[in-house]
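A.B. asks: Sequence first, predicted model second:
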Amino acid sequence: MESVYAAMLLYSAGKEITEDKIQGVLKAAGITPDPIRVKSLVAAISEIDIAEAIKTPLFAAAAPAPAPAPAEEKKKEEKKEEKKEEKKEEENLQGLAALFQP
């Protein structure tokens, strides 16, 4: 990742992006460069137009999902709770009735 930043720094400074220059930037920052990564980065960068790549967004921004209406959700939850409470009351009454039956 550091080598990509070094390449971008060289590009923004208007310098040619070479293995030696990327390694020089990394060494100046106190980072030990990985020659294999630097070499593959320079090879990959030579095939693309950096100015065009910067202009083109990598991902399009997704539209935010609509928020659910809180009032509708609360009504649904309240109805569910009322039904549960009614069932519990019926079960309790049936259980009590069984105790008092002969």
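C.D. replies: That came through, no problem. Not measured: the values here are computed from a predicted model. Numbering: from 1, shown residues only.

A.B. asks: in this protein, which spans are helices?
C.D. replies: With DSSP state H applied, the chain shows helices at 2-12, 19-28, 35-45, 50-55, 70-100, listed in chain order.

A.B. asks: any idea which of these scores lowest on pLDDT?
C.D. replies: Here the lowest mean pLDDT among the helices of the chain goes to helix 70-100, at a mean of 67.

A.B. asks: Return the backbone torsion pair for K15.
C.D. replies: Note on K15: backbone dihedrals following degrees, to the nearest 10 are phi -90, psi 160.

A.B. asks: what number of residues lie near it?
C.D. replies: Residues near K15, counting by other CB atoms under 10 Å, number 12. To be clear about C-beta, it is placed using only N, CA and C from the backbone, and glycine gets the same treatment.

A.B. asks: so it touches K21, yeah?
C.D. replies: Yes. With contact taken as CB atoms under 8 Å, K15 and K21 are classed as touching, separated by 6.3 Å.

A.B. asks: circling back: mind putting the helices of the chain into CSV with mean neighbour count?
C.D. replies: Below are the helices of the chain laid out as CSV (neighbours: other CB atoms under 10 Å):
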stretch, mean neighbour count
helix 2-12, 17
helix 19-28, 16
helix 35-45, 14
helix 50-55, 10
helix 70-100, 9
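
A.B. asks: can you list the domains in this structure?
C.D. replies: Structural domains assigned to the chain are 2-55, 69-102, following automatic domain parsing.

A.B. asks: measure the first one end to end?
C.D. replies: Going back to what we said before, that points to domain 2-55. Using CA to CA, to the nearest Å, the gap from the first to the last residue of domain 2-55 comes to 21 Å.

A.B. asks: next one: stretch 35-55
C.D. replies: By CA to CA, one end of stretch 35-55 lies 29 Å from the other end.
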